[in-house]
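S.K.: Here is a sequence with its predicted model. Questions after.
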Amino acid sequence: MEKMEKVEKMANAPGDRFMGSPSTSSTSGAVSDVEPDDLEGFDDYTIASSWEKFIANVEEICREWQAAGPYDLLNLGATLVQGSRNLHRIHKQVPFGKKLYVLILFFEVGSGDDSKEEWPAGLHHLQLYFGVTDFLVAVPVTLSGVILDAPEATTLLSTVAVALSSCGSHWPAFVPVHDRTRKAYRGVQGTSSSYSITFEADRIGSWVPVRFMHLEGLYELFVSKVAFTAPNTAAVPSLRVEFTMRLTYQAPMIGYEYQNKGGPSSVAEAKPDYDGESPNEPTWDEDLPWAEWHSVDDPIKGFELIAIWNKRFVNDSMEMSEYENTSTFNADEWFLIPTFAMDKEDDQPEEGFAVRLEGLAKAFHVAGNAQFLEDFANVVKPEMDLLLETFNVPPPGVLERVVKDLFYEAVTPTGEGFTYESRGHSVKGAPRDSLFGRFVMQSLFFGTCNIKAISELWLEFVREIRWYWEECQTLPRVSPDESPDLRTCLLHQKLQMLAVCIKLKSEEKAKNKSAKFAASAEKTEDEKTRASQREQNDNHQQNDELNVPNLDVNHNVDMDTKLQELNLKEVDGHFTDSKSPEDEMESLFNPGSKSPEPPLQIEAWEHPGEDAIVEHGQRSPSVHSSEDDEKWESCSTGDDEAESKDERKGSAGPLGNMMLLNVYEPLHVPITQRLPVMTEDMLLERKQAIAALSRSHSEKEARIRLQTDILASDMSAFKAANPGAVFEDFVRWHLPDDWIEDDHEYVQDGYSYSRFLSISTETENNGEPWPPRGRLSQKMSQPGNVWAQIWDQILPEAAYEQRPLFDYKREGEKVMHYLDTVRPQQLIGQMLCTAFMTCTDVLKRTKTGDFSRLQSELAQLYSSADIVLEPISTLSKSDLPSNEDVEVWNKALLKLCGVFRTAERNVFVAASLYQKLKLAPRSLEGLYNSFLRDGKGLARVSVGGSSNSKDEREQIAELFPPPDSTIDLGKRLRMGNYLNGYEPDVREVKLQCYEDDLQKTSGSRNGRRTGGKGMASHRMYISGTANDLQVALSVVSRD
């Protein structure tokens, strides 16, 4: 049985199947008749040699690839060829004796042979040389990758051809020969008929004969090859040849030169002897928005202009030479191709914001390991030391430069940086020209933007801010005249709050200084007066014998007595209310024991006027400005001339012709207190406190007091400025919309909506009747209205007599405490939101032309940033994320950085194209869309083809300026076809001729590109540059 299994195994050996010889079946039949004992020592000579084994292996691989098809080959590990649109490759190693070869199949996916382009982009050089589509290449596994021995190349090529013929494949097969720099190949292709095709390519790289520099000589070279392979045409003086030509003109940017000229992947590299741009040559991006932070190498180092003459027939060399003198503007097609710089190596630093944002995202992930930033700056724990050992901090000189930029080279803020807010994005950041926005951008480029470097910079940042607070110096890059913008991040709001506090502190300091100076001057004058009085008294004592009492009147004011009368006390050099907050609140709602007021009707709090209590800013007109503090001072000094005879206090002047309702006096606008400045967290705390005070009766009263402190202050100031005023007068000033002018008293359900007293006689006031006729709105006139109750209980006090609504000292210290104790994750989270939005706005502001696809990409970036950053921007000290949330956010942030990197790269390319092609908008847009669609290596745009093609070609030709007079044109090739004085850098020509007996032979998809005209009997591809000449010839022959 073992012998039978051995025989069956040998009978089913691959060699019998792939060789396909007639003796296979007969041999198998003979073996089946042999007794098992007679098979001892049987040898199968059909697979004995290494050559036959190699054929069998190649045949098996080819059958496997044929059966799979192009789409299944993609699943088997096929990869896209670099620089190609749809050419893929798959390979397998095949042993041949003691040597090892790699069999590579190049195949296209989703393409046919009916390409309309004569010179399509993205072709493999073998496709360009021989016009093939799918093909095999057998490469030895050696350092050179070529076969240097001619017999070995012949054996290998014939072996592959036999294997392909055995499996019925018509793939062309090639082997590289000679030196690798020659790009020499030999190849063969079998067909289904009695014809075969041989291929050969070689290159001259040192010296090119002069006659091959011209089209006439190339035509003669092709005719000689046809005569050599077809003796019947040797006597023919001329031959009808199909001709097509492609010229390539290259224009690198300053400081760059082309490498691999004429190759399928020409790139521009920096000149070896070029030491950078001279002072007279500015960088390409010096006027672009990102130039303030970093500079980027121009992604486009030059342009290639492709001029194509489509297929036409020539009959002799003289006709061929005429095309050498033809102007490039007469070419059938023009294509503009940008040349990109070589990609950076892995060890070279990456340019742009993307890599910095990634560093900030990693810092956010690490920030959860400590509660304070000092733990990262001053490492004392061993585990922290291990975590931060790879993080570097820039030297002190860099830190000083950054601090100098932030504080001592500051500019006036403009409030710019909210372009994302105008688009409805919900991420809260800081304006790019604000102090915190500038800090964030400096942090991105401070070292590698790691958590340790950020901590060092933040601590120095806070120390500098504290100096500004203690010394009452105006905070740079923050406007002191603006309230905190709730659309921004919390740190920016805190700095806005601090700027307001510094301004108030500075004003108070200046007032105290002026008061001390005035008091000192008054004291000096008093001393002079007292000295004069003492001298006068001495004179009286000398002249009079009787002891007459001193009748001189002392006009000095007892300040202590006055302070006690006004309930004021001196604190830190200035005067404040001596009453405690509890006493103030008690006196606010319970003015005295002689005529106690009824308690507040808490149930009336649900009145429609509740919203008006909170929305206090509707008073008209605004009565507190930068000049009000001076009026406060004048009022507090007791200037009786500024007040009326009825002890009017704290008035800013009459409000037009408005008169009070009950007394014939003009309505005066009161000087009110400065509204409290609140940040987002303060408003949230206030809201939570109000929500918590809603259970018991006392809590509801406290809630009302908390909500109406500003309203009560305004009412008290209004009463002081308008003695005899009634509640309706206050509503007319504070909420004009709730006062309805009418000629009669409005009564509903037995209740009068006009509380002012009726006066029988009318007195004219500048032609206006008095008293004014009108009524309160229904909302303000309902019984139990909270506003009316507060009005009845409040005492008249001018603003300077009231307890301040905003304690700038306490709030300033609270801001400094927040900056000192901010959690690392909270800081980095707000930095992330500011950095992403600022960097995205930089990309948005870049001049790139009207590219709809780029705008859509940036809009998608904004949308993605909203989704990822919105939860991070709302982090607070009391609601820090869990480790699981941080891991999820870290992955989302890194993914967002990848999206940003792609958008940034596209913006760089678009900006560079716009600078160079803004006068050719159609070519500009087409080239950018091609870059997005096809990538770097295949981006190109057709120039011309319309009525204004000539003008467009002239604009593109300006990219190739005339040569400098210092260039030795004698060293250049004299090939003709000038463009602005330049000859083409590369000239490619394809020549073909047909035989009548081969016109009906059609090439399959696995064969050559024939364009539907049948197979050419001879085809030659010629590529000539300044230093070499590449020639590839394919010939159809009969077996």
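M.R.: Great, that's in hand. Numbering: from 1, shown residues only.
S.K.: which of the residues in stretch 132-142 are buried?
M.R.: Applying a neighbour-count criterion of 16 or more other C-beta atoms under 10 Å, one finds 132-140 buried in stretch 132-142. Placement of C-beta: from N, CA and C, glycine included.
S.K.: Could you work out the most separated pair of the residues you listed?
M.R.: Distances among those were taken as C-beta to C-beta; the most separated pair is 133 and 140, at 24.8 Å.
S.K.: Residue 251 pairs with what?
M.R.: Going by DSSP bridges, residue 251 is paired in beta bridges with residue 303.
S.K.: So it is in contact with residue 960, correct?
M.R.: Yes: counting by C-beta atoms under 8 Å, residue 251 sits close enough to residue 960 to count as a contact (4.5 Å).
S.K.: what domains does the record give for the chain?
M.R.: Domains of the chain are assigned by the TED database as 50-242+991-1001+1015-1038, 353-411+422-505+823-918, 651-742+771-804.
S.K.: Let me have those domains in TSV, extended by distance to residue 527 and mean pLDDT.
M.R.: Written out in TSV, the entries for the domains of the chain read as follows (distance: least, C-beta to C-beta, whole Å; pLDDT from 0 to 100):
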stretch	distance to residue 527	mean pLDDT
domain 50-242+991-1001+1015-1038	96	85
domain 353-411+422-505+823-918	32	90
domain 651-742+771-804	30	85
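S.K.: coming back round to it: out of the buried residues of stretch 132-142, which is nearest to residue 922?
M.R.: Distance to residue 922, by C-beta to C-beta, is smallest for residue 133 among the buried residues of stretch 132-142, at 32.5 Å.
S.K.: Could you check how far that closest one is from residue 1023?
M.R.: Distance from residue 133 to residue 1023, counting by C-beta to C-beta, to the nearest Å: 20 Å.
S.K.: what residues are up against residue 186?
M.R.: Listed by C-beta atoms under 8 Å, 6 or more residues apart in numbering, the contact set of residue 186 reads 153, 157, 174-175, 177, 199-200.
S.K.: likewise residue 850?
M.R.: Residues near residue 850 by C-beta under 8 Å, 6+ apart: residue 925.
S.K.: Could you pick out which of the buried residues of stretch 132-142 are located in strands?
M.R.: For those, membership in strands holds for 135-140, with DSSP state E as the criterion.
S.K.: can those residues go into JSON lines with extra columns for distance to residue 740?
M.R.: Putting those into JSON lines (distance: C-beta to C-beta, whole Å) gives the following:
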{"residue": "135", "distance to residue 740": "92"}
{"residue": "136", "distance to residue 740": "95"}
{"residue": "137", "distance to residue 740": "94"}
{"residue": "138", "distance to residue 740": "99"}
{"residue": "139", "distance to residue 740": "96"}
{"residue": "140", "distance to residue 740": "101"}
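S.K.: so residue 818 sits right up against residue 493, yeah?
M.R.: No: the pair residue 818 and residue 493 fails to qualify as a contact (C-beta under 8 Å) at a distance of 10.3 Å.
S.K.: Among the two, which residue is more densely surrounded?
M.R.: Between residue 818 and residue 493, counting by other C-beta atoms under 10 Å, residue 493 is the more crowded of the two (25 against 18).
S.K.: in which helix or strand would I find that one?
M.R.: Taking DSSP states H and E as the criterion, residue 493 maps to helix 490-543.
S.K.: One more: residue 788?
M.R.: According to DSSP H and E, residue 788 maps onto helix 786-793.
S.K.: so what secondary structure elements neighbour that helix?
M.R.: Applying 3 or more C-beta pairs under 8 Å, 6 or more residues apart in numbering; DSSP states H and E, one finds that helix 786-793 contacts helix 581-589, helix 610-614, helix 709-721, helix 727-734.
S.K.: quick one: average confidence on the shortest one?
M.R.: Spelled out, that is helix 610-614. Averaging the model's pLDDT scores along helix 610-614 yields 36.
S.K.: What sits closest to residue 286 if chain neighbours are left out?
M.R.: The spatially closest residue to residue 286, leaving aside those adjacent along the chain, is residue 295, at 7.9 Å (C-beta to C-beta, 6 or more residues apart in numbering).
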